[in-house]
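S.K.: Pasted the sequence and its predicted model underneath.
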Amino acid sequence: MSINKTYGVFGLGRYGKAVATELVGNGAEVLAVDKNPALVNAAAADIPVCKCADVTDPEVIERLGVSNLDVVIISMASNLEASVLAVTLCKEAGVKTVIAKCGNEMHQKILSRIGADRVIIPEQESGKRLAKNLLTSGFSEMIELSDEVSMLELDVKDDWVGKSLIELSLRKKYSLNVVAVSAEQGISTEIDPSRPLAKGEKLIVIANPAKLKKLK
């Protein structure tokens with residue numbers, strides 16, 4: 001689980017605060033920043049590290065130590081110019097993954113072209129769901145079926161290679177129900193639980209997201 005990564009959330013409106021709060025609630029280290037003192041004060045109770053600063057200023061980016069962050073979520077969709085500057089400065093600082101919230105498809109194209117690794121239209125993905133997906137590193141995709149049930153694609157871990165599903169006992173240990181196996185040949189729902197898993201394969205499983213922490 002990606003709680004070992006460090007996150008930055010720039011912009012503490014409803015969406016940004018939801019992402020930051022969910023990350024913090026799952027034990028992740030988060031730097032939350034907004035230039036509006038009222039928003040910073042409102043978020044401080046739930047997010048331990050909140051700063052009031054302008055992330056479109058190169059000196060601020062350096063002073064905040066943004067280059068040490070693994071992932072930055074830029075949640076300033078109402079201000080395209082600020083979003084563009086923040087994305088550019090974060091990539092220049094060496095942030096590996098920069099995710100930007102945008103207001104429409106045109107802004108999505110612009111932010112993608114200037115270096116954002118992922119651009120989200122908030123109507124299509126909630127802040128809470130984004131945080132959950134960020135925290136499930138090693139899972140290619142997670143689809144919420146309900147608050148307690150999700151379907152996800154899980155990489156076969158190195159120490160699982162050569163072992164069968166019977167040996168791994170994933171349901172008993174992690175409450176994972178394997179419904180299909182994905183390999184180069186395609187996806188198959190005809191699962192042989194005694195067959196050794198191969199490197200590069202993926203398991204499509206149904207699980208309770210709250211129990212996924214056990215995997216890491």
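M.R.: Nice, I can see it.
S.K.: looking at this, A210 is in a helix?
M.R.: Yes: with DSSP: H, G, I helix; E, B strand; the rest coil as the criterion, A210 is assigned to a helix.
S.K.: What is the burial count for it?
M.R.: Counted by other C-beta atoms under 10 Å, the residues lying close to A210 total 13. Heads up, the C-betas are built off the backbone N, CA and C, glycines and all.
S.K.: try L154
M.R.: L154 has 25 neighbours, counted by other C-beta under 10 Å.
S.K.: Verify the contact between it and E201 for me.
M.R.: No: applying C-beta atoms under 8 Å, one finds L154 not in contact with E201, separated by 9.9 Å.
S.K.: shared neighbours, these two?
M.R.: Contact with both L154 and E201 is made by no residue, according to C-beta atoms under 8 Å, 6 or more residues apart in numbering.
S.K.: I figured R171 hits V179, correct?
M.R.: No: counting by C-beta under 8 Å, R171 stays clear of V179, with 11.4 Å between them.
S.K.: Which SSE is immediately downstream of the helix or strand of the chain with the lowest mean pLDDT?
M.R.: Every helix and strand of the chain was ranked by mean pLDDT, DSSP states H and E. The lowest is strand 139-144, at a mean of 54. Counting by DSSP states H and E, the next helix or strand C-terminal to strand 139-144 is strand 150-155.
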